[in-house]
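In: here is a sequence together with a model predicted from it:
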Amino acid sequence: MTTRLDRPAPEAAGAAGVPTPEALDAVLTGPDGSGALGAEADSAERFPAELHARLADFGLSAHYVPPEHGGSLDDHERLLRLWHVVARHDVSAVVAHGKTYLGAAPVWIAGDADQTTSMAAAVLSGRAVAWGLSEPDHGADLRHGSVTAAREGDGYRVDGVKWPINNATRGDFMTLLARTGPAGSPRGHSLFLVDKAALAPGSARPRPKVATHGVRGADISGLEFAGARLPETARIGAEGTGIETVLLALQLTRTMCAALSSGAGEHALRITARFAATRLVQRRPLSARPRPAAILARCAALLAGVEAASLVAARSAHALTGEMSVTSAIVKPLAPAVTDAVISDLAELLGVRSYLVDHHEHGAFQKLSRDHQVVAVFDGSTPVNRAALAQQFPRLVRGRAGAVADTSGLAEAVALGTGPRPLDHSALTLVSRRGCTVVQALPRPVGDDGPPGLAEHVLALHDLIDQVTGLMAEIPPAALPAMPAYELAAAYELCYAGAACVHLWTACAEQHADEPLWQDGLWVRAALRALTHRMTRILRIAPPVPAPGDDELDAALTNRVAEAALHGAPVTPFGIGEAHGR
Ligand SMILES: Cc1cc2nc3c(=O)[nH]c(=O)nc-3n(C[C@H](O)[C@H](O)[C@H](O)COP(=O)(O)OP(=O)(O)OC[C@H]3O[C@@H](n4cnc5c(N)ncnc54)[C@H](O)[C@@H]3O)c2cc1C
């Protein structure tokens, strides 16, 4: 079998001249094939400069600029795969480099021609953009931010502190949310593009780097404005539209954060599967024991669900754009919550090696475990996103009842590896009028010629979706949702992941027929079982009755994942970081 390490080095660009995730993987892998370039910078709490330079040479920044502005951001599936590759090497590196995508996104949505042109030129030349929302006294509560931009002469005077902000010190630009109207009003803030080099000396001072539990090398610092002067032309969009633009941009950035989870999760699974296959306990490999095999299989299955949801969500930015307020609020909490649980379970299997810093694969597991914890916190925490989804429960309930769906958008969202339609930023909306096509258009099994047990798993998912949406219908709309709303949002996220698995299985099974994880529907059956079991624990109800073939799932999936891990083959069904000929 060809392994990851003995493949010929790929060209940086694929057949159509587009850089591939596989090429990026080769760029990031150290000379010994360890992929441990970030470990040293992390232990010294130093910026991951070496990896960052490699990402710059690769041209990753071009994938942050839409094609209409001269870049290569024509496919969010590709960007997701590229970030996944970086994250599986070093979450810090993607946190540091990817921030520019987040900082620039509002400009693509609401910037004028001069702003998009200058932002595109800056990003394409490798300059870094920070995203200045948080303040010491206000995190997610954007409406009450206290940094002010007061009208003065023909521009604005900015005062206050943005903190903690990624790349606040190293960044050349900051997209800044500042108050221009009444506090607490949805139209009380405006967004500005701050070119730090153009500010008067001393009017914007960096706050010191903050020590963090994970992503230790990243520049998490702040910027203190003291009478900084901005011209009127620095304002992005009309005065008072800052929060709306931020909320639209977050729909894209929150969705793409899933790559950090899938990459870290895949790394954890690969390390642990290799260990479980080779570690002998009483002369038997750990992976041959029923309990470790069941844990490994469950983790692989849940990560398959995360991958499926992430891929469909990233493609939905193009294909189901008007639903991104729902999609992003589902995927942003789903991916880190499931991946944190997976990492915790895998740590149990890895035992003491999950805890050692300088041993066993360069201490990669403890590092990824620390690094990944931030994904659930930044760019909108898990509770913040669940509260946002709860606001849209009535539409999701109606959408499920009426089986409302954009079928052509869905077909495009699940056609992995095909170029999606251009992203129309003007189609992003604050609420999804249709609800969620991915869940609402879940197909029902037809005939019995599929893999054994798959039809039963799909029917169990349908039944749970009905139960979850039934309970959602009983939740009264409220500005401050009560506890059950958060639990139902978490359950709905799992409905989405399950539906994404079924859609991708239906669309892609034929083209993957030769791959071990796809044979007999292994991954999709295991993923549906793991996702529905997790859902029933949230709902405090009994899990679905076992489907035919469930008895053999754990051993079969564990064997195939362990085999893949030993040979450098994809350990997850979509080989999300693999090039797949793109
Ligand atoms: C490594 C790192 C990088 C960061 N990078 C950036 C950056 O580049 N730009 C930037 O602007 N910020 C950045 N942040 C800040 C981060 O996004 C904030 O910490 C985040 O907004 C959450 O704010 P908070 O927890 O400080 O406070 P709060 O928002 O006050 O939250 C306090 C608690 O209340 C919960 N909560 C808040 N609102 C709600 C709600 N509506 N419903 C339910 N629960 C709620 C939160 O989940 C949290 O548990 C970064 C933080 C870290 C750690």
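Out: Everything's here; your move.

In: I'd say His318 and Leu423 touch.
Out: Yes - in this structure His318 lies within contact range of Leu423 using CB atoms under 8 Å: 5.0 Å. C-betas here are computed from N, CA, C, even on glycine.

In: who touches both of those two?
Out: Listed as contacting both His318 and Leu423 by CB atoms under 8 Å, 6 or more residues apart in numbering are His76.

In: quick check: chain neighbours aside, which residue is closest to Leu79?
Out: Excluding the flanking residues, the one nearest Leu79 by CB to CB, 6 or more residues apart in numbering is His63, at 5.0 Å.

In: against Ser328, how distant is the one you found?
Out: According to CB to CB, to the nearest Å, His63 stands 19 Å off from Ser328.

In: the more surrounded of these two?
Out: More crowded of His63 and Ser328, by other CB atoms under 10 Å: Ser328, with 30 against 23.

In: where's that one, which helix or strand?
Out: In this structure, Ser328 sits in helix 324-350 according to DSSP states H and E.

In: mind giving me the packing neighbours of that helix?
Out: helix 242-256, helix 258-278, helix 290-319, helix 360-372, helix 382-390, helix 483-508 (3 or more CB pairs under 8 Å, 6 or more residues apart in numbering; DSSP states H and E).

In: buried set for the second one?
Out: When you say that, I think you mean helix 258-278. Buried residues in helix 258-278, defined by neighbour count with 16 or more other CB atoms under 10 Å: 258-277.

In: next, the angle from that helix to helix 290-319.
Out: Interaxial angle, helix 258-278 versus helix 290-319 (axes from the mean of the first three to the mean of the last three CA atoms, to 10 degrees): 160 degrees.

In: helix 258-278: how far from the chain's middle?
Out: Chain-centre distance of helix 258-278: 16 Å, with CA atoms, centre = their mean, to the nearest Å.

In: so that it lines up with my notes, have the first residue be 14 from now on.
Out: Got it, first residue is 14 now, which makes that one helix 271-291.

In: so which bits of this structure are right by the ligand?
Out: By CB under 6 Å from any ligand atom, the part of the chain that sits against the ligand consists of 112, 143-147, 152-154, 177-179, 225, 228, 233, 387, 390-392, 394, 396-397, 400.

In: any regions of this protein where pLDDT drops low?
Out: Within the chain, the set of residues satisfying pLDDT under 70 comprises 14-31, 43-49, 590-595.

In: show me what contacts the residue at the greatest distance from the centre of it?
Out: Ranking residues of the chain by C-alpha distance from their mean position (CA atoms, centre = their mean) puts Gly166 at the top, at 42.3 Å. Under the criterion of CB under 8 Å, 6+ apart, Gly166 has no neighbours.

In: ok, it to the ligand distance?
Out: From Gly166 across to the ligand, the span is 28 Å (CB to the nearest ligand atom, to the nearest Å).

In: from Asp172, how far out is that residue?
Out: Relative to Asp172, Gly166 is positioned 15 Å away (CB to CB).

In: assumed Arg164 was part of a helix.
Out: No - counting by DSSP: H, G, I helix; E, B strand; the rest coil, Arg164 is not part of a helix but strand.

In: my guess is Glu506 meets Pro346, correct?
Out: Yes - counting by CB under 8 Å, Pro346 is a contact partner of Glu506 at 6.2 Å.

In: ok, how many other residues are close to the nearest residue in space to Arg156 that is not next to it in sequence?
Out: Spatial nearest neighbour of Arg156, excluding adjacent residues (CB to CB, 6+ apart): Gly197 at 5.3 Å. Other residues near Gly197 come to 10 when the count uses other CB under 10 Å.
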